[in-house]
Structures are given as structure tokens and as C-alpha cells.
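K.L.:
Generate a structure from the sequence data that follows.
(one chain, ligands or ions: 1)
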Amino acid sequence: MNYMPTPGSLAPTPTLAVLGFKRQLVYHLHFWAFVAVAPLVLVQWQQGHELLAGLLVLFCVNALLVIAFLRFRQTYFLKGRLFPLLAVVCAAYSTSINGHAGLYWSYPAATALFFLLPLREAIASNVVFVVIMAVVSFVKFPEADFWRITFSLGLTCLFAMIFAWLVGKLQQELTRLATTDPLTGCLNRTQLSDILNSHIQMRERYERVSSLILIDLDYFKTINDQWGHLAGDRVLTEMARRLRKRLRESDQLFRIGGEEFMIVLPETRQKDADSLAHQLLSSISARPFLDDISLTASASVAEVSQGETWSIWLKRADQALYEAKSRGRNQVVTAPRPIHSQEQGQAPARDDASDPVSG
Ligand SMILES: Nc1nc2c(ncn2[C@@H]2O[C@H](COP(=O)(O)OP(=O)(O)OP(=O)(O)O)[C@@H](O)[C@H]2O)c(=O)[nH]1
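P.N.:
Numbering: from 1, shown residues only. All right, here's what the predicted structure looks like:
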């Protein structure tokens with residue numbers, strides 16, 4: 001399942017709307033820019049402005065390519081770099097031949113840049129834009145108009161910049177809230193499929209192998225029952241802290257259920273993931289949580305296999321975790337590879353890596 005909404009479609013949940021925000025914005029701005037500018041091609045052509053008509057055709061083609069790339073490839077065509085270039089050239093040239101009728105287009109174009117480009121690039125592009133429009137206005141209009149145009153365009157850019165900056169901050173915060181678990185700060189399930197899929201692609205394209213570890217606290221329900229829900233929450237927070245302490249910057253820690261955590265380890269073979277899982281279980285059982293709550297955990301390890309989907313990869317890990325629980329808990333079980341990869345000549349994985357962690 002792909003959690004990213006397709007551009008142009010309404011996201012089914014607020015979380016997805018937050019994650020697809022930038023994509024939707026780029027899509028809609030290009031769509032409406034195309035709708036507004038396409039008729040002008042004919043108008044300029046009929047007025048004998050062939051060069052401007054040609055530039056507007058390029059603008060429309062770029063808008064269509066951006067829309068098509070977003071829809072069919074989920075990428076941003078040339079990272080949106082052509083829009084500012086064509087917008088500046090078209091607005092400046094149109095103003096120089098059409099006067100005020102061309103000038104009016106510079107205001108929506110300057111505003112759009114702040115929503116299409118990264119903030120620094122948008123500021124740099126708009127400084128160039130305002131300077132060019134100021135020069136054209138100085139040459140084309142009386143001095144009083146030149147000052148009015150320069151200040152009003154500059155002010156439009158300033159307001160758009162403040163608005164885009166605040167919206168960007170808000171979107172970052174919403175994304176953080178939508179993708180992390182508020183109790184432990186771990187990633188939640190929102191991007192799970194996208195992240196696992198990206199590791200699968202690394203395996204398929206570059207033979208770079210990732211592994212995942214599932215860790216589930218043993219008999220956690222008794223903690224809630226004996227010490228209360230708040231103590232249970234503090235145990236979960238401490239659990240996340242202990243796991244995080246042992247992980248690398250590039251590892252990704254998820255809380256995927258009540259007391260179940262998942263760690264995705266890039267470029268890590270099963271053997272190394274297995275030894276990390278043992279160390280993590282040791283760090284959980286070695287010292288009591290809070291003052292005197294002793295706990296153990298069970299874990300499973302699964303290296304991604306060729307040709308499998310993210311859900312099969314996760315399911316293998318899940319089955320191995322179930323096995324660890326049913327073998328008595330407080331141990332690591334390595335997931336066997338799927339049958340088809342064993343047939344393709346890969347070494348079969350150990351199925352008996354179930355050394356008790358304690359003792
Ligand atoms: N304090 C607290 N408890 C939670 C949270 N989420 C889930 N739980 C509790 O976690 C417990 C999970 O219980 P079980 O699924 O039976 O698992 P367990 O007791 O750890 O047993 P095994 O996994 O089989 O070893 C339930 O009591 C849930 O109410 C949470 O955010 N905070």
C-alpha cells in the first residue's frame with residue numbers, strides 16, 4: 001500500500017494530507033498556471049508577438065511536464081527550476097512590449113515562487129525578479145510608476161515570503177506530529193511501508209541488504225495491572241531510550257504497537273542484526289525499569305530477501321517473534337528466509353538462533 005496520495009486526489013486522512021502537502025501545492029499551482037497562461041499564447045500570437053507566444057508555449061509545456069511527472073513518476077520535473085526562469089523572462093519581456101498588461105503577471109508569479117522552491121532559492125530568485133522588473137519599469141514607465149512598481153512588487157514578495165515560511169514551519173510540525181509517537185518520540189506506522197519499500201529497492205537495485213528487528217516486552221500487561229498505566233507509560237519511554245542509546249544515527253526506531261518496537265537497520269546483514277538484538281535484550285533485562293520493575297523482552301530478526309514485498313518481510317519477522325514468545329520469551333529468533341530465495345541459492349538462514357538472553 002502506498003501511503004502517499006496521488007497529486008490531485010484528496011487525501012483520505014489528515015495525516016496523508018500533511019505528508020502530501022508539498023506535492024499537492026506544486027501540482028495545483030502548475031495546473032492553474034497552465035490554465036491561466038495557455039489562452040495568452042493565442043492572444044499574443046494574434047497580436048503579432050511571436051517571440052512572447054513562443055516563450056509562453058515553453059511555460060505551458062513545463063507546467064504540463066511537472067504535472068505529468070508528479071502524476072506518473074512521483075518526481076518533481078527538474079526540481080521546478082524552469083518555472084522561475086520562464087516566469088521572469090516572460091513577465092519582463094511582456095512588460096517591455098505590452099506595458100502594464102504584462103506587468104500585472106509578475107505579482108502572481110513572484111508569489112508562486114515561494115511555494116514552489118526551497119525558501120533560500122525563492123528569495124534569491126525573487127531578488128533577481130524584482131531587480132529585473134525595476135530596470136524594465138525604469139525604462140518603460142514614468143519615474144513615479146517605477147517607484148510604485150518596485151515597492152509594491154517588493155512588498156508582495158515580502159508578504160509571500162513570510163506566509164510561505166510560516167506555512168513551511170507549520171507543515172514541518174504537523175509532519176512531526178503525524179509521523180511520531182507522542183509518548184516515546186519513536187516513528188509511528190504512518191511511513192512504515194514507504195520506509196520498508198525504500199530498503200527493498202536498495203536490495204533490488206544495489207544489493208544493499210537491510211535487516212529489521214522486532215522487540216516486544218514480555219508480560220507488559222502485568223506492569224499496568226500492578227503499578228498502573230502511568231508506570232507502564234514510563235517503562236515504555238525508558239525502553240525507547242535504552243533502544244535508542246544502542247542504535248546508529250541511520251537506524252530507524254518505530255513503535256508499532258502498544259509494547260512492540262521495530263528497528264530498521266540499513267546495510268546490515270542478519271548475523272549483525274542478530275547480535276545487536278541480543279545486546280538490546282540484555283540492556284532491557286540487565287537493569288530494572290523505574291525503581292524495581294524487572295522486565296525481559298523477546299525479539300525477532302529478519303534480513304530482507306530478494307523479491308519480497310514489505311508486508312511479507314514484516315510478516316516473516318512477526319512470525320519469528322511469535323515463535324520467540326511461544327518458546328518461552330526472553331530470546332531472539334531469526335526469521336527463516338522465504339523458500340524462493342533459498343531455491344535461488346542463498347544460504348538458508350539459521351532457524352534456531354534462540355539463545356536465551358538471560359543467564
Ligand atoms: N501503559 C501503557 N500500556 C499500553 C500502551 N499501549 C498498550 N498498552 C498495554 O500493553 C498491554 C499489552 O498486553 P499483551 O498484548 O497481553 O502483551 P503482554 O502482556 O506483554 O504479553 P506478551 O507480549 O505475550 O509477553 C495491554 O495491557 C495494553 O493495555 C500504552 O501506551 N501505555
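K.L.:
which is the next helix or strand following the helix or strand hosting residue 86?
P.N.:
Element membership for residue 86, per DSSP states H and E: helix 82-98. Along the chain past helix 82-98, the next helix or strand (assigned with DSSP H and E) turns out to be helix 100-103.
K.L.:
and the angle from the next helix or strand along the chain from that following helix to helix 82-98?
P.N.:
Beyond helix 100-103 on the C-terminal side, the first helix or strand identified by DSSP H and E is helix 106-116. Counting by axes from the mean of the first three to the mean of the last three Cα atoms, to 10 degrees, helix 106-116 points 170 degrees away from the direction of helix 82-98.
K.L.:
any idea of the mean pLDDT for helix 106-116?
P.N.:
Averaging pLDDT along helix 106-116 yields 94.
K.L.:
How about stretch 335-354?
P.N.:
The average of the pLDDT scores along stretch 335-354 is 55.
K.L.:
now swap in stretch 78-86 and tell me
P.N.:
89.
K.L.:
Which residues in the helix holding residue 86 does the neighbour count mark as buried?
P.N.:
If you call a residue buried by 16 or more other Cβ atoms under 10 Å, then helix 82-98 has these buried ones: 82-84, 86-88, 90-96, 98. Glycine gets a C-beta too; all of them are placed from N, C-alpha and C.
K.L.:
just checking, what packs against it?
P.N.:
With contacts defined as 3 or more Cβ pairs under 8 Å, 6 or more residues apart in numbering; DSSP states H and E, the secondary structure elements packing on helix 82-98 are helix 21-46, helix 50-72, helix 100-103, helix 106-116, helix 119-140.
K.L.:
can you tell me which residues contact residue 203?
P.N.:
With contact taken as Cβ atoms under 8 Å, 6 or more residues apart in numbering, residue 203 is in contact with 209-210, 304, 306.
K.L.:
Which helix or which strand is home to it?
P.N.:
Assignment of secondary structure by DSSP H and E places residue 203 within helix 192-206.
K.L.:
Wait, residue 253 touches residue 239, no?
P.N.:
No. Here residue 253 lies out of contact with residue 239, judged by Cβ atoms under 8 Å, at a distance of 10.5 Å.
K.L.:
Among the two, which residue is more densely surrounded?
P.N.:
When neighbours are counted by other Cβ atoms under 10 Å, residue 239 comes out ahead of the other of residue 253 and residue 239, with 24 against 19.
K.L.:
Can you verify the more buried one is assigned to a strand?
P.N.:
No. Following the definition DSSP: H, G, I helix; E, B strand; the rest coil, residue 239 is helix and is not counted among the residues of a strand.
K.L.:
correct me, but it touches residue 285?
P.N.:
No. Residue 239 is not in contact with residue 285 according to Cβ under 8 Å; the separation is 11.5 Å.
K.L.:
Quickly note the distance from residue 206 to the ligand.
P.N.:
Counting by Cβ to the nearest ligand atom, to the nearest Å, the gap from residue 206 to the ligand is 36 Å.
K.L.:
Near the ligand, which residues of the stretch 151-300 of the chain? Just list them.
P.N.:
Residues of the stretch 151-300 of the chain found near the ligand, taking Cβ under 6 Å from any ligand atom as the criterion, are 183, 216-221, 224, 229, 232-233, 236, 258-259.
K.L.:
Now do the buried residues in stretch 135-150.
P.N.:
Residues 136-137, 140-141, 146, 149-150 are the ones in stretch 135-150 that count as buried (16+ other Cβ under 10 Å).
K.L.:
so which two of these are the farthest from each other?
P.N.:
140 and 150 (12.5 Å; Cβ to Cβ).
K.L.:
Give me the distance between stretch 68-80 and the centre of its chain.
P.N.:
For stretch 68-80, the distance between its averaged C-alpha position and the chain's averaged C-alpha position is 15 Å (Cα atoms, centre = their mean, to the nearest Å).
K.L.:
Below-threshold pLDDT in this protein: ranges please.
P.N.:
Scanning the chain with the threshold set as pLDDT under 70 gives 1-19, 339-359.
K.L.:
Among the buried residues of stretch 135-150, which one lies nearest to the ligand?
P.N.:
Distances from the ligand to the buried residues of stretch 135-150, taken as Cβ to the nearest ligand atom, are shortest for residue 150 (57.4 Å).
K.L.:
residues of the host helix or strand of residue 162 that come out buried?
P.N.:
Counting by DSSP H and E, the secondary-structure element that holds residue 162 is helix 143-179. Residues of helix 143-179 classed as buried under the neighbour-count rule (16+ other Cβ under 10 Å) are 146, 149-150, 153-154, 156-157, 160-161, 164, 168, 174-175, 178-179.
K.L.:
Of the residues you listed, which is the nearest to residue 65?
P.N.:
Within the buried residues of helix 143-179, the smallest distance to residue 65 is 23.3 Å, found for residue 164 (Cβ to Cβ).
K.L.:
ok so, going back, put the alpha carbons of the helix holding residue 203 into CSV.
P.N.:
Backbone C-alpha positions of helix 192-206 (Å, rounded to 0.1, in the frame of the first residue of the first chain) are rendered in CSV as follows:
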residue,chain,number,x,y,z
LEU,A,192,6.3,2.3,7.7
SER,A,193,5.5,0.9,4.2
ASP,A,194,7.4,3.7,2.4
ILE,A,195,10.5,3.2,4.6
LEU,A,196,10.5,-0.6,4.2
ASN,A,197,9.9,-0.2,0.5
SER,A,198,12.9,2.1,0.1
HIS,A,199,15.1,-0.6,1.8
ILE,A,200,13.6,-3.2,-0.6
GLN,A,201,14.6,-1.1,-3.5
MET,A,202,18.1,-0.7,-2.2
ARG,A,203,18.3,-4.5,-2.0
GLU,A,204,16.9,-5.0,-5.6
ARG,A,205,18.9,-2.3,-7.3
TYR,A,206,22.2,-2.2,-5.5
